[in-house]
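S.K.: With the sequence up front, the predicted model follows.
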Amino acid sequence: MIKNFNDTLQQDLKNAIQNNIHKKIKPGIDYIPVTGKVLNETDILYGLDATADAWLTTGRYAKEFELKFKHFFGARSCLLVNSGSSANLLAFYTLTSPKLGKDAIQPDDEIITVAAGFPTTINPLIQFGCVPVFLDINVNTGNIDTNLLQEALTPKTKAVILAHTLGNPFNLEVISNFCKQHHLWLIEDNCDALGATYNHKLTGTFGHLATFSFYPAHHITMGEGGAVIVNDHRLVKIAESFRDWGRDCYCEPGKDNTCGCRFTQQFGNLPEGYDHKYVYSHIGFNLKLTDMQAAIGLSQFNRIHFFIDKRRDNFSYLYHKLSHLQDYLILPEATPHADPSWFGFLISLKSGNSQQRQALQTYLEEQKIGTRLLFGGNLLCQPAYLNIKHRIVGELINTNFVMNCSFWLGVWPGLSHEHLDYMALKLSTYFI
Ligand SMILES: Cc1ncc(COP(=O)(O)O)c(C=O)c1O
C-alpha cells in the first residue's frame, strides 16, 4: 500500500487532487447540487494504489470490500458489480436460474412492484418477459401502499421487487410476511438506502437479495459501482455465475482449480473432463468492476457511519426549517418503525399541478438550488413503457400525484446547515 499522501505524491498532482475534492459551495453564489460525492485524500490514494499494482481488474480491494460489506449486513455473500442497475439485473436473473427448479422465475410470471421509481429497479423483469403488477404509493413516505397487496396476488405471482424510496424503508413487516406466507421471492432495491433500518434491523437484510448503487450521488461512491448482497445460501453460487459470464467455475480471477476437479467432471453434452473453467451453467453476463473502483469504495465505506449520520442530521434540520410551510407543502415522513438513511428530501405541493411544480422548481434552480423529480414519476407514462405488458391493482392516484406535484432536495453530506438555511429561506420567500 502506498503509505502516505504527503510523502508519496508530487506537488502538482497533490494540488490537482486537493483543488478537486475540497471545493467549497457558497450558498447564493455557487449552485447547490442535489447530490454529490464527499471524497478525501485517502480515497484517492486507495484508487492510486489499486492502479499502481497494475492488476486493474477485480482483485484484492474488491475482495476486502465484499468481505467487509458482507459482515456489515451479516449476509451470506456480497458481490460487487459495476452499477446499481447491474446489481438489479444480477439479483433478478439469479432468481431465474434453472437450478432453483420450480421456484425459478419464468417468463409471464407476475412480480409485484410500484411504478413510482427508478427504471432499472423493474427493467430486468420486463426484459426477461415477466409482468410487473403495479400498486400505488403513499405520498408522504414515497413507498408502496400495502392495502391492496392481497388483491395483487395470483397463482402467477413469483416475487416482490421494491426500492426503499429516497432512503426511506418500505413497510418491511407487511411485505416480508406477505412474501413468507405466499412463498414469494423478495428483492430489496437498497440503492438509495444504505444504512437505513426497520425495527432496528438494516434494510437489505430482509429480502433474499438486496442491491446497492455506488454512483456519486449515493451514500458511498466508487464512481460507477454497485453490489448485491445474498441472504439465501441457495443463491450464492448462482449469483456468482450470472455475474461472471454464466460460468460454472467459481475460481477467483487469476486462480485455477479451486474445486480440485478441473479436468474430471462431465457437464451437459460436453466431452468428459472438459476444462471446468469453460463450462457455462447459466446464460450470464460480465458485471464485474475494476479494483480501482473497489479501492475507492472501500476507503469510502470506512466512513459510512459519518455519511449516514450527516444525511440524517441534514434531513432533520431541513424538516425543522420547513415545518412552517405545511399549509403549502407536504413534507416527507419516515415509515413507522423505520430509521431512514435519507437519499433526498421529498416535497409535494399540497394542491397544484405539474405547471405549478415546474414553476417552483424553476424558481429554486434560478436561486442556484438543485432539485430532482422522483425519478421516472409514473413509469407507465414514460415513452419506453407505454406498451409493456402489465397489470395495475387499484388506481395509481398517488403515483400520478407524485409525478405531477413532487420533487426532492438534497441532504447529502457535503451540505452544511448554512446550505440548508439558504434552501429553506428561498422556499419560505416563495410562499410567504
Ligand atoms: C432506487 C434505484 N435503483 C437503482 C439505481 C441505479 O443505480 P446506478 O445508477 O448505479 O445504475 C438507482 C440510481 O440512482 C436508484 O435510485
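M.R.: It's in. Numbers count the residues shown, from 1 in each chain.
S.K.: State the helix or strand in which whichever residue of the stretch 251-400 of the chain sits closest to the ligand lies.
M.R.: Nearest to the ligand in the stretch 251-400 of the chain, going by CB to the nearest ligand atom, is Phe375, at a distance of 6.3 Å. Heads up, the C-betas are built off the backbone N, CA and C, glycines and all. Using DSSP states H and E, Phe375 sits within no helix or strand.
S.K.: Tell me the confidence at the nearest residue to it once chain neighbours are set aside?
M.R.: In this structure, Phe375 finds its nearest non-sequential neighbour in Phe118, 4.4 Å apart by CB to CB, 6 or more residues apart in numbering. Note on Phe118: pLDDT of 98.
S.K.: shouldn't Phe118 be in contact with Cys191?
M.R.: Yes. Using CB atoms under 8 Å, Phe118 is in contact with Cys191, at 7.3 Å.
S.K.: count of neighbours near the residue of the stretch 251-400 of the chain closest to the ligand?
M.R.: As a burial measure, Phe375 scores 19 neighbours (other CB atoms under 10 Å).
S.K.: same question, Leu318
M.R.: Neighbours around Leu318, by other CB under 10 Å: 26.
S.K.: wait, it sits on Leu420?
M.R.: Yes. With contact defined as CB under 8 Å, Leu318 counts as touching Leu420 (4.8 Å).
S.K.: near the ligand, which residues of the stretch 51-200 of the chain?
M.R.: Ser83, Gly84, Ser85, Asn88, Phe118, Thr120, Thr121, Ala163, Asp189, Cys191, Asp192 (CB under 6 Å from any ligand atom).
S.K.: Compute the distance between Asn6 and Thr51, please.
M.R.: The gap separating Asn6 from Thr51 is 19 Å, by CB to CB, to the nearest Å.
S.K.: from the residues of the stretch 51-200 of the chain next to the ligand, which two are the most distant?
M.R.: Ser83 and Ala163 (14.7 Å; CB to CB).
S.K.: More neighbours: the two, which one.
M.R.: In this view Ser83 and Ala163 are compared by other CB under 10 Å, and Ala163 has more residues nearby, 31 against 20.
S.K.: Next up, the contacts around the residue nearest to the more buried one when sequence neighbours are not counted.
M.R.: What sits nearest to Ala163 in space, not counting adjacent residues and going by CB to CB, 6+ apart, is Asp189, at 3.6 Å. Contact analysis of Asp189 by CB atoms under 8 Å, 6 or more residues apart in numbering lists Gly84, Asn88, Gly117, Phe118, Thr121, Ile161, Leu162, Ala163, His164, Ala210, Thr211.
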